[in-house]
Structure formats: C-alpha cells, structure tokens
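Student: Make a model of this:
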Amino acid sequence: MSAFCLYLGKADDVPQTGGGAVDPAQIVAKALLCFNQKSIYSSCAESYRLTATGNLNVPQDYTNQYCNGPCLTETQLVLNCIENIMTNFVFYNRATIQDIRDTIQAACGYGPQRGDFNVLEHIEAEGSRANRAATRIPVSLGLMIIGRILFL
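Tutor: Numbering: from 1, shown residues only. Purely as a prediction, here's the structure:
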C-alpha cells in the first residue's frame, strides 16, 4: 500500500492488540487492513471510499447518495475498525479519525459545508489535533515509523 500513516504519541499510548511486545509498525499495518476488508466495504463504489491517505473522493452531486446510502455506513465501519485497533491513528494527510468524522458530518449536514468532502479544507478551517501534535514530534521518529511500514 502506498499510503503512510504516523502514530503521534508515546510508545505506552499504543493500544495492545495481543500479547507480546508492542510494535507500532505492526499495529499501523493492522489498522490499514480495515480499508481492504471485503466484509466492511461491500456496497460502496471504490471511487467514493475513504482512502488510507485520508481522502474522501465524493463529488458534490453524489452527496445525497453517499449520505443516505451504504457508503456512509461502510465508511463509519472502517473508521470504527481503525479506532478499535489504534485510537491515535493519523492518516497520511495528517487527519485524525475525528477529523474524518467531522468532515463527513459537515458534508452530510444541511449547512454551508454540505457536499464538501475535502478533508484538508475541513482540517484547515477547524484546526486539526494531529497538526498541533505533529509539531512536537521529531522528524527522525516519524521517518523511522514510515520506513518500517514500507518494509512490511
């Protein structure tokens, strides 16, 4: 998979997924599997699915179908799957799980942001917790984690 995800936190914050030592790269890899589970994404067209990069490619004219159909439900299931594995998961675009949920809620709402599924614009408008946390992480730590993910 070409997407990279960073874990922004201390090693003791990483949720356990079983016995043994905690390996953040393995936990991230397990969370990434949520995107490929056929039992989760079964009815939503692939072009409208949430990607591991943190993008929701939903055109504005598809808003009603997305928000009132299986895509919304299946996207929420993917987010739940990721959150159950790793609560501090951060997508490649630096969006958190909550950032994605907030974007979907605004895009499916009936306010001025209806139909706007652009996660990056939503993060910039609202201010992402991941962006604030990212400024505190040494670059070398992030590169180590990305490097481990690449070699899985």
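
Student: For the protein, which segments count as strands?
Tutor: Along the chain, the stretches classed as strands by DSSP state E are 6-7, 89-90.

Student: weakest of those strands by average pLDDT?
Tutor: Least confidently modelled of the strands of the chain is strand 6-7, at a mean of 40 by mean pLDDT.

Student: What is the neighbour count of the residue lying closest to residue 27 once chain neighbours are set aside?
Tutor: Spatially, and ignoring its direct neighbours in sequence, residue 27 is nearest to residue 86 (5.4 Å; C-beta to C-beta, 6 or more residues apart in numbering). The C-beta positions use only the backbone N, C-alpha and C, and glycine is treated the same way. Residue 86 has 23 neighbours, counted by other C-beta atoms under 10 Å.

Student: Same check on the one 5 residues further on?
Tutor: For residue 91, the neighbour count with other C-beta under 10 Å is 23.

Student: Next, give phi and psi for the residue nearest to residue 27.
Tutor: phi -150, psi 100 (degrees, to the nearest 10).

Student: Run through the protein and note the low-pLDDT ranges.
Tutor: Scanning the chain with the threshold set as pLDDT under 70 gives 1-22, 127-152.

Student: switch the cut-off to 50
Tutor: 1-21, 128, 130-133, 135-141, 143 (pLDDT under 50).

Student: for it, what spans make up the helices?
Tutor: With DSSP state H as the criterion, the chain has helices at 24-32, 63-67, 70-85, 97-108, 119-126, 129-134, 139-150.

Student: Relative to residue 50, which of these is closest?
Tutor: Taking C-beta to C-beta, helix 70-85 is the member of the helices of the chain nearest to residue 50, at 5.0 Å.

Student: quick one: the closest one to helix 97-108, angle?
Tutor: If you take axes from the mean of the first three to the mean of the last three C-alpha atoms, to 10 degrees, helix 70-85 sits at 170 degrees to helix 97-108.

Student: List the buried residues of helix 70-85.
Tutor: 70, 71, 72, 74, 75, 77, 78, 79, 81, 82, 83, 85 (16 or more other C-beta atoms under 10 Å).

Student: Fine by me, thanks again.
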